[in-house]
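*Asks:* Here you go, sequence then predicted model.
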Amino acid sequence: MNQLSLRLRQNENLCGTYFRMEFEWPIELSPPVPGQFLTLRTGRGFVPLLRRPFAFSGFHPERRQAEIIYEKRGDGTTLLSELSAGTTLDVLAPLGNTFPFPKEGRRPLLLAGGIGMGPMFFFAEQLAQRGLNPLLVLGSRNSLQIPILPLFRMVETLIATNDGSRGFSGTALDCLSSYLEASPPEELYELYACGPYGMMKAGSSWAKDRNIQSWVSMEQTMGCAVGACMGCVIRVFAPQVDEGIDDPGSYARVCTEGPVFSGDLVDWEGAIHG
Ligand SMILES: Cc1cc2nc3c(=O)[nH]c(=O)nc-3n(C[C@H](O)[C@H](O)[C@H](O)COP(=O)(O)OP(=O)(O)OC[C@H]3O[C@@H](n4cnc5c(N)ncnc54)[C@H](O)[C@@H]3O)c2cc1C
Ligand code: FES
């Protein structure tokens, strides 16, 4: 983890209430990896006091440029949306663990709900570059919250909207489920999900019923983001040694042991969501 002063290159409205921010990445730092996140100060003074966490949504090695996609929600993200190119950002990065690549022979299924799209786009791009044929399913409230991106030509993408204004009418998970009904039954998969809590819980349960390994990127309100304050814990089942969780209790810190967890490890009934 590093405290960085990063120069903002671009900050633009992507679609609806979503924005994309691109900033310079120092040459001496290794690139961020899908699943990892940063925290940044959104204001110049003490308000808002806490840094805000955002997942990396892309990295361009030639331009040494990293990006996030964020939703304008409250005070912090409203301040972010007002920043212009050239501003210096106070950033802690890179933080957290990463999405594991699927086991050999398994097709990666990427479930992105709403603003959970950022890390899924980043991972989809890397999977496609490695020839791993990801299927990206992007679910949103309506067509206004769906961006148009070159990535959709590179990766097989399904769109689902709750109001049916674009693509499949219904949830991203229903869309995925109905798509797979037409797929060969012998095909093997691994599921990756980022989005609303309910979507990840349902996705994890759906995967378990089909004997599919699932990975979820958990969100929790964060204080320090470096493992010290315990403000971001979620309840988990007894951790396995090989899952890298160093606290043998029934809680795990999203900021350091996560944000990516095996869906089976999360205690979905007891997990606290701030
Ligand atoms: C590991 C991690 C990765 C994240 N990645 C992204 C990302 O890529 N893009 C993105 O837009 N956001 C992401 N978030 C959520 C983001 O941190 C919050 O949206 C942001 O902190 C809101 O700040 P604010 O000051 O604008 O809103 P606040 O004023 O703090 O809150 C405004 C409203 O948003 C709600 N809210 C705040 N935080 C969350 C949250 N984490 N989940 C659900 N509702 C929340 C509050 O309850 C409140 O109703 C991530 C969070 C975590 C923990
Ligand atoms: S935010 Fe402090 S331990 Fe995770």
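*Replies:* Sure, I can see it. Every value quoted in this text rests on a predicted model; they were computed, and no experiment measured them. Residues are numbered from 1 along each chain as shown. Ligands and ions are numbered 1, 2, ... in the order given.
*Asks:* Give the buried residues for the strand or helix carrying Gln3.
*Replies:* Using DSSP states H and E, Gln3 sits in strand 2-15. Residues 4, 6, 8-9, 11, 14-15 are the ones in strand 2-15 that count as buried (16 or more other C-beta atoms under 10 Å). The way it works is simple: take the backbone N, C-alpha and C, and place the C-beta from them, glycine included.
*Asks:* what packs against it?
*Replies:* Where contact means 3 or more C-beta pairs under 8 Å, 6 or more residues apart in numbering; DSSP states H and E, strand 2-15 is packed against strand 18-24, helix 75-81, strand 88-95.
*Asks:* From the contact counts, what lies against the longest one?
*Replies:* If you count contacts as 3+ C-beta pairs under 8 Å, 6+ apart, strand 88-95 packs onto strand 2-15, strand 37-40.
*Asks:* Ser84 falls within a helix, correct?
*Replies:* No. Counting by DSSP: H, G, I helix; E, B strand; the rest coil, one finds Ser84 to be coil, located in no helix.
*Asks:* Could you number the chain from 231 rather than 1 from now on?
*Replies:* Noted, 231 is the first residue going forward, which turns the last one into Ser314.
*Asks:* OK, contacts around the residue nearest to it when sequence neighbours are not counted?
*Replies:* Spatial nearest neighbour of Ser314, chain neighbours left out: Asn241 (6.6 Å); criterion: C-beta to C-beta, 6 or more residues apart in numbering. Contacts for Asn241 (C-beta atoms under 8 Å, 6 or more residues apart in numbering) come out as 249-252, 310-311, 313-315.
*Asks:* ok, now with 10 Å
*Replies:* By C-beta atoms under 10 Å, 6 or more residues apart in numbering, Asn241 lies in contact with 249-253, 300, 310-315, 317, 319.
*Asks:* What about Met460, how many residues nearby?
*Replies:* 12 (other C-beta atoms under 10 Å).
*Asks:* er, Asp439 I mean
*Replies:* If we define neighbours as other C-beta under 10 Å, then Asp439 has 8 of them.
*Asks:* Repeat that for Leu362.
*Replies:* Counted with other C-beta under 10 Å, Leu362 comes out at 16.
*Asks:* pLDDT on stretch 456-465, on average?
*Replies:* Averaging pLDDT along stretch 456-465 gives 95.
*Asks:* And ligand 1, is stretch 248-267 touching that?
*Replies:* Yes. Stretch 248-267 reaches ligand 1 (C-beta under 6 Å from any ligand atom) through Phe267.
*Asks:* Only the buried residues of that stretch, if you could.
*Replies:* Buried residues in stretch 248-267 (16+ other C-beta under 10 Å): 248-255, 262-267.
*Asks:* surely Pro364 meets Leu340?
*Replies:* Yes. Counting by C-beta atoms under 10 Å, Leu340 is a contact partner of Pro364 at 5.5 Å.
*Asks:* shared neighbours of the two, anything?
*Replies:* Joint contacts of Pro364 and Leu340 (C-beta under 10 Å, 6+ apart) are 350, 353-354, 357, 385, 387, 420, 422.
*Asks:* give the contact list for the residue nearest the centre of the chain.
*Replies:* Geometric centre of the chain, nearest residue: Pro349, 3.5 Å, by C-alpha atoms, centre = their mean. Pro349 sits next to 264-267, 284-288, 298-299, 328-329, 340, 342, 422, 424, 447, 489-490 when contact means C-beta under 10 Å, 6+ apart.
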